[in-house]
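Novice: no sequence on this one, just coordinates:
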């Protein structure tokens, strides 16, 4: 028994020390030197204050900004221990609705979002919650539909707001991978820079 | 579906195949002990652990050593999780993990399942992630690959006394294969945007004046081995759908590559180890056909959208976007889904629970087929070899000849053991699933009404027993019943499966290797590949059809008829 267990515990212990501490700590140091921005979470600062991460979506709700996709993230409900309540774009608890395609709740929610998003076929990303609840992007079609609202709220010429969307539409990576998309935080930062 | 989407899929698959060929050669060299560039590290490890790497082990010795290594891994990980509250590297001040959840999580990571009944960013300290979960990502992967190498050797020559040395395989696979690949891929992942820091979470003040937590941690390195080792356990709750864990379409493509490269390379390495590369290519061909077919099914189902939502006024261009991210696009989401469930990885870049019924059926069915397409690192190959033995047995029955595989006679003992292994999956999935659906305490975990609720439970036990780890996430998994029974299902799926497989290897190894004759059924051609594909579908899949009919298929027809729950 000893002849089997000794190598087992010794090897697992040794690998815990090396693969679990020495290597990842060294790797963290290397990343901090080579790629400090990405390793630190791709943070975006405005006037010296952290305004978010370029990769993590935020809950924009006022008329003056482009809105992100719906988000199903939650936070603990202070009223009821153990329960949660909606808190869109909660960075501390990523998650999806996980509702079934045949869910009546989901259909009601989607219908409500479609009614809110106005007439005509609504881009699918505007009426559905993402997988992470932190999707930083919307489709270009979704962004274009919001131009009129944002321009009116800011009393800006329609053209000036409209031209921001193609300027901030990111194409497919390597010209092939993924889908065209607009980073909502970057778009809204550009909007604030217009004045 | 679009041509562009198919071009994306073709590009990623081509990258996998192109790199699998040289990697297979390298793995075969590592298996033979010919790769020595870290000998200066390797020797002191053997000395400190009291290992003689040259000592050959029979199937019993090899299996016992493997079980001991995994038991030690479980004990250390369980202790670490329970004690994380008083240990360092815990910037968010998380408490220790509760006993049942710690049992479930420790079993999950030791068995290469990585089922997660917790959410990383709100439960796990940096120490638990790095020194606990991440280490098991390496060691469970090394365990699977070592076992596959041992089983492969059994076919290499006649009258073999041993299958190699478990400790030597375990250490070499970790040092020469998993670690270098993880370091390179991890650095690429940081460049793509995955965090790697020990700092506490950042707090942002948004443009609208609200505060937002930005979760951070030593993520990139762990995510690299999570995919390379087909573990799949997310650093963050949303797994590879989280913008920090899957920052871009390129990152998701790289993850697809990483979770397929070793299983595919191992199939080719098998051909090299047995001295006939064509044999490996035949296995790889079957795996690839299934991956492409499964991808096409998911892609078609999800790109088609949810009929109820389209009828309510949603634009059909993007497809079913509930539980999906904009940046990946439907093609790479479909490919990721097929590869992560075909490969026993279990990482996700979209949430399967919200897939259309047929889109969600595919990952569930791929797991139930036995995780051999191409399966987890190592486990996929030895699972495929079990099906190969059954295929030649069935072919032998048709022509009335004692079947052979690679010159080794396949007889009653091997077939009995193979069936024993193959039956573990349906017994664990359907057994636990049926009991859970009859227990009110378990049914309370189900989120969705109607047939989808059954799918959630069926998926959980399939994922656990198949050592996959993905989920229909609406299920509330962190309960004593589910934590315990899913943990047992994971143990059965890993160890009750592999012990008979190792017994087969021991029995095969001792047999003489016969020369091929005119009557030998060739196992490298399309006829055998087609037979093997059929055996996987019938033996692996058919027993689940009644359950699938009550779950996803019933939901599909209900949805088509406009019925909601």
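Specialist: All right, it came through fine. Quantities reported herein were computed from a predicted structural model and do not represent experimental measurements. Numbering: from 1, shown residues only, chains lettered A, B, ... in the order given.

Novice: check contacts around whatever residue of chain B ends up closest to chain A.
Specialist: Chain A sits closest to residue B:249 of chain B, with a gap of 2.7 Å, by C-beta to the nearest C-beta. Every C-beta, even on glycine, is put in place using the N, C-alpha and C of the backbone. Residues near residue B:249 by C-beta atoms under 8 Å, 6 or more residues apart in numbering or on different chains: A:172-173, A:177-179, B:8, B:327-329, B:332.

Novice: name the nearest residue to it, ignoring sequence neighbours.
Specialist: Among residues not flanking residue B:249 along the chain, residue A:178 sits closest, at 2.7 Å (C-beta to C-beta, 6 or more residues apart in numbering or on different chains).

Novice: quick one: the one you found and residue B:330 touch, right?
Specialist: No. Counting by C-beta atoms under 8 Å, residue A:178 stays clear of residue B:330, with 10.2 Å between them.

Novice: how about the residue of chain A found nearest chain B, phi and psi?
Specialist: The nearest approach of chain A to chain B comes at residue A:178, 2.7 Å away (C-beta to the nearest C-beta). For residue A:178, the backbone dihedrals are phi 80, psi -160 (criterion: degrees, to the nearest 10).

Novice: now the one 3 residues further on
Specialist: For residue A:181, the backbone dihedrals (degrees, to the nearest 10) come out as phi -160, psi 160.

Novice: what's the neighbour count on the residue nearest to it when sequence neighbours are not counted?
Specialist: By the measure of C-beta to C-beta, 6+ apart, the closest residue to residue A:181 outside its immediate chain neighbours is residue A:137, 3.9 Å from it. For residue A:137, the number of neighbouring residues by other C-beta atoms under 10 Å in any protein chain shown comes to 29.

Novice: now residue A:137: phi and psi?
Specialist: When read as degrees, to the nearest 10, the backbone of residue A:137 gives phi -110, psi 160.

Novice: now swap in residue B:198 and tell me
Specialist: For residue B:198, the backbone dihedrals (degrees, to the nearest 10) come out as phi -100, psi 0.

Novice: and the pLDDT for it?
Specialist: With respect to pLDDT, residue B:198 scores 96.

Novice: okay, now it: neighbour count?
Specialist: Applying other C-beta under 10 Å, I find that residue B:198 has 17 neighbouring residues.

Novice: so what's it up against?
Specialist: So residue B:198 contacts A:25, A:28, B:89, B:91, B:126, B:217-218 (C-beta under 8 Å, 6+ apart).

Novice: residue A:52 should be in a strand, yeah?
Specialist: Yes. Under DSSP: H, G, I helix; E, B strand; the rest coil, residue A:52 sits within a strand.

Novice: for the spatially closest residue to it that is not a sequence neighbour, grab the count of nearby residues.
Specialist: Excluding its sequence neighbours, the residue lying closest to residue A:52 (C-beta to C-beta, 6+ apart) is residue B:204, at 4.4 Å. Residue B:204 has 25 neighbours, counted by other C-beta under 10 Å.

Novice: where does residue B:417 sit, in terms of helix or strand?
Specialist: Using DSSP states H and E, residue B:417 sits in helix B:412-438.

Novice: beyond that helix, next helix or strand please.
Specialist: helix B:440-443.

Novice: pull out the buried positions in that following helix.
Specialist: By 16 or more other C-beta atoms under 10 Å in any protein chain shown, the buried positions in helix B:440-443 come out as residue B:442.

Novice: how far is the helix or strand just after it from where the chain is centred?
Specialist: Following helix B:440-443 in sequence order, the next helix or strand is helix B:451-465 (DSSP H and E). In terms of C-alpha atoms, centre = their mean, to the nearest Å, the centre of helix B:451-465 is found 17 Å from the chain centre.

Novice: helix or strand next in line after helix B:451-465, which one?
Specialist: Per DSSP H and E, helix B:451-465 leads on to helix B:480-491 as the next helix or strand towards the C-terminus.

Novice: ranges for the strands of chain A?
Specialist: With DSSP state E as the criterion, chain A has strands at A:43-46, A:49-53, A:74-76, A:84-86, A:137-138, A:169-170, A:181-183.

Novice: for residue B:395, which of the ones you listed is the nearest?
Specialist: Between residue B:395 and the strands of chain A, the shortest gap by C-beta to C-beta is with strand A:181-183, which sits at 50.8 Å.

Novice: just the buried residues out of the contacts of residue B:198, in ChimeraX syntax.
Specialist: Per 16+ other C-beta under 10 Å, the buried members of these correspond to this ChimeraX selection:
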select /A:28 /B:89,126,217,218
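
Novice: would you point out the most distant pair within the contacts of residue B:198?
Specialist: So, the contacts of residue B:198 by C-beta to C-beta: farthest apart are A:25 and B:91, at 14.4 Å.

Novice: tell me the secondary structure at residue B:181.
Specialist: Under three-state DSSP, residue B:181 comes out as helix.

Novice: number of residues surrounding the residue lying closest to it once chain neighbours are set aside?
Specialist: Nearest residue to residue B:181, sequence neighbours excluded (C-beta to C-beta, 6+ apart): residue B:228, at 5.3 Å. Other residues within reach of residue B:228, judged by other C-beta under 10 Å, total 26.

Novice: pretty sure residue B:228 is touching residue B:183, no?
Specialist: No. Counting by C-beta under 8 Å, residue B:228 stays clear of residue B:183, with 10.6 Å between them.

Novice: show me where pLDDT drops low in chain B?
Specialist: Residues of chain B meeting the criterion pLDDT under 70: none.

Novice: in it, which spans are strands?
Specialist: Going by DSSP E, chain B shows strands at B:202-205, B:211-214, B:404-405, B:408-409.

Novice: start and end of stretch B:210-219, how far apart?
Specialist: Counting by C-alpha to C-alpha, to the nearest Å, you get 26 Å between the two ends of stretch B:210-219.

Novice: what residues are bridge-paired with the residue nearest to residue A:52?
Specialist: Beta-bridge partners for residue B:204, by DSSP bridges, are residue B:212.

Novice: could you break chain A into its assigned domains?
Specialist: Segmentation of chain A into domains, based on automatic domain parsing, reads A:2-39, A:43-68+A:136-195, A:69-134.

Novice: ok, residue A:162 to residue A:116 distance?
Specialist: In this structure, residue A:162 and residue A:116 are 21 Å apart, going by C-beta to C-beta, to the nearest Å.

Novice: the more surrounded of those two?
Specialist: Higher neighbour count among residue A:162 and residue A:116: residue A:162, with 17 against 11, using other C-beta under 10 Å.

Novice: quick one: pLDDT of the more buried one?
Specialist: Predicted confidence (pLDDT) for residue A:162: 96.

Novice: where do the helices sit along chain A?
Specialist: Secondary structure of chain A, counting by DSSP state H: helices at A:2-17, A:23-34, A:36-39, A:104-117, A:124-127, A:140-154, A:158-162, A:164-167, A:184-192.

Novice: so, in contact with chain B or not, the third one?
Specialist: In this case it means helix A:36-39. Yes. Interface with chain B: helix A:36-39 contributes A:38-39 (C-beta under 8 Å from any C-beta of the partner chain).
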